[in-house]
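K.L.:
what's the 3D shape of this:
(2 chains)
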Amino acid sequence: MEDMLEDTVLVNLRINGKPHELEIPPHTSLLDLLRDDLNLTGTHMGCMTGHCGACTVSIDGRVAKSCITLAATLGRAKITTIEGLTKEDGTLSAVQHAFWDEAGFQCAFCAPGMLLCTSELLEGNPDPTDEDIEKALAGNLCRCTGYQSIRRAVKAAIASNKQAAE
Amino acid sequence: MSLYPVFARPRSLDQAGEVLGSLSSGAMIIAGGQEVMPSVNYGMLMPEVYVDIGQVKELRGITEADGAIHIGALTVHRDVQDSDVTRSQVPLLAYAAAQVGGGWQVHNRGTIGGNIVSMHPLYDIVPSLLALDAEVDVLKDGTVDRVSLSDLMKDASHGLGSEALLVRVVIKPMPSGAGWAYEKLKITAGGYGSANAAAIVAMDGDKIASLRLVVGAVSELPQDLSQVLSNCFGQVWSDSLASALEAKVCDAISNPLSDHQGDGNWRKAMAGVVARRAVAAAIAKAR
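P.N.:
A predicted model of the protein is given here:
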């Protein structure tokens, strides 16, 4: 069984559409991999316990807290960070634009979680209720307590998506 | 032994069992990482070997077999909430999985297996599983044995042991017409409740035919108080019965937790409150 033990782990991650083959130490968190190895510093380091949501990324289409995700367990995952939300031409996505318009950020430390959770919510449910919105955002703490403007921003994104669909 | 942890990726259940059997207690099973990583980040846990069980197919999926629901240990809370099987057959568990703290991010990665084997007094899944008389399949020394979850929980200080692996949870569907409720009293910031209760009730007309009640987050382990409340059978739910039930539950909590979620005497009192609310809500739902 000794031959099963690896000192380093090879992962093949597709991050914001770009393939990355990385040989990493087993204890590397996804947060450290993104920030330290790839310089994707839009993913924020907050509590390191999974409470605050500032380190949120999307793994295979589902939001996750990167500080409590061991990178070596991800194999061939597709990862989207806050940098990957922007459209290819560099313009803001509908969700980003709505947060901009409605002042959904004050310090923006919580932006990764708020934006990625809202994006996942609206992909699966174009017309969420207030309760759906609260559930989707429950894993994020805004330390400026700007929750009302965040809620307005989500509603503005819903309206803008509906307008675009018409 | 290296200064840094090493990594093992078994590809099958057999391989996982062999790897775990060959390693010392410094080995740590990792799946979603939601239980392990916060402790690693704060230096409270320093695994020598991570055993990543994410590639073991036998641990995945929610299926129905032999009149029971099988939930693979790697099933994440989000899938327990959303699966048609759990929602229709064990709605109490589907609802409880949605009450786990940490939001979608944790629900997307945290697994039912990790939640059980951590044996954390404040977690949300086990009270419902105990009320449902769940069993678990455990791999140890090359064989998979089925044991009742309540037996497994009795030795919480030792847990499963580092050489064993929880394979799946096996639950009988809830009887049709049964009422159910999970009440979580949350008064602090963060994801934990200060007291919670899972109840399943069957009614015979307006009388209580049977009652399962498990109270969690108030003592070291969730407590199954169904026996204590057997005198409710055959009775009509009323204000006086509700008060009597609340008092009995409080009395049954002999050694309440005192922590960030509240002090012991208050927790004892709240155990009665959540129990009363859960039973009342379950009766309202029963047909």
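
K.L.:
other SSEs contacting the helix or strand in which B:Asn108 is found?
P.N.:
Using DSSP states H and E, B:Asn108 falls within helix B:103-109. Judged by 3 or more C-beta pairs under 8 Å, 6 or more residues apart in numbering or on different chains; DSSP states H and E, the packing partners of helix B:103-109 are strand A:56-59, strand A:62-65, helix A:111-124, helix A:130-137, helix B:77-82. Every C-beta, even on glycine, is put in place using the N, C-alpha and C of the backbone.

K.L.:
which strands or helices does the longest helix seen in chain A pack on?
P.N.:
The longest helix of chain A (DSSP state H) is helix A:147-165. On a contact count with 3+ C-beta pairs under 8 Å, 6+ apart, helix A:147-165 meets helix A:94-101, helix A:111-124, helix A:130-137.

K.L.:
let me have those in CSV, adding mean pLDDT as columns.
P.N.:
Output for the helices and strands packed on helix A:147-165, formatted as CSV (pLDDT from 0 to 100):
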stretch, mean pLDDT
helix A:94-101, 96
helix A:111-124, 97
helix A:130-137, 96
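
K.L.:
if we can go back for a sec, next, the angle from the longest helix of chain A to helix A:130-137.
P.N.:
110 degrees (axes from the mean of the first three to the mean of the last three C-alpha atoms, to 10 degrees).

K.L.:
how many residues are close by B:Lys248?
P.N.:
For B:Lys248, the neighbour count with other C-beta atoms under 10 Å in any protein chain shown is 17.

K.L.:
before we move on, back to that, closest one to A:Thr41 among the helices and strands packed on helix B:103-109?
P.N.:
Counting by C-beta to C-beta, A:Thr41 lies closest to helix A:111-124 out of the helices and strands packed on helix B:103-109; the figure is 10.6 Å.

K.L.:
could you say what helices and strands that closest one packs with?
P.N.:
Against helix A:111-124 (3+ C-beta pairs under 8 Å, 6+ apart) you get strand A:56-59, strand A:62-65, helix A:94-101, helix A:130-137, helix A:147-165, helix B:103-109.

K.L.:
hmm, 6 Å instead?
P.N.:
In terms of contacts (3 or more C-beta pairs under 6 Å, 6 or more residues apart in numbering or on different chains; DSSP states H and E), helix A:111-124 is packed against strand A:56-59, strand A:62-65, helix A:94-101, helix A:130-137.

K.L.:
between the ones you listed, which one is closest to A:His27.
P.N.:
Among these, the nearest to A:His27 by C-beta to C-beta is strand A:62-65 (16.7 Å).

K.L.:
check whether the next helix-or-strand element following the closest one contacts chain B.
P.N.:
Using DSSP H and E, the helix or strand that follows strand A:62-65 towards the C-terminus is strand A:78-80. No: with C-beta under 6 Å from any C-beta of the partner chain as the criterion, chain B is not reached by strand A:78-80; the gap is at least 13.0 Å.

K.L.:
name every strand pairing with strand A:78-80 and say which way it goes.
P.N.:
Strand pairing for strand A:78-80, determined by DSSP bridges: strand A:9-15 (parallel), strand A:56-59 (antiparallel).

K.L.:
and the contacts of it?
P.N.:
The contact list for strand A:78-80 (C-beta atoms under 6 Å, 6 or more residues apart in numbering or on different chains) reads A:Leu13, A:Arg14, A:Ile15, A:Val57, A:Ser58, A:Ile59, A:Asp60.

K.L.:
span of stretch B:154-161 from start to end?
P.N.:
The first residue of stretch B:154-161 is 13 Å away from its last residue (C-alpha to C-alpha, to the nearest Å).
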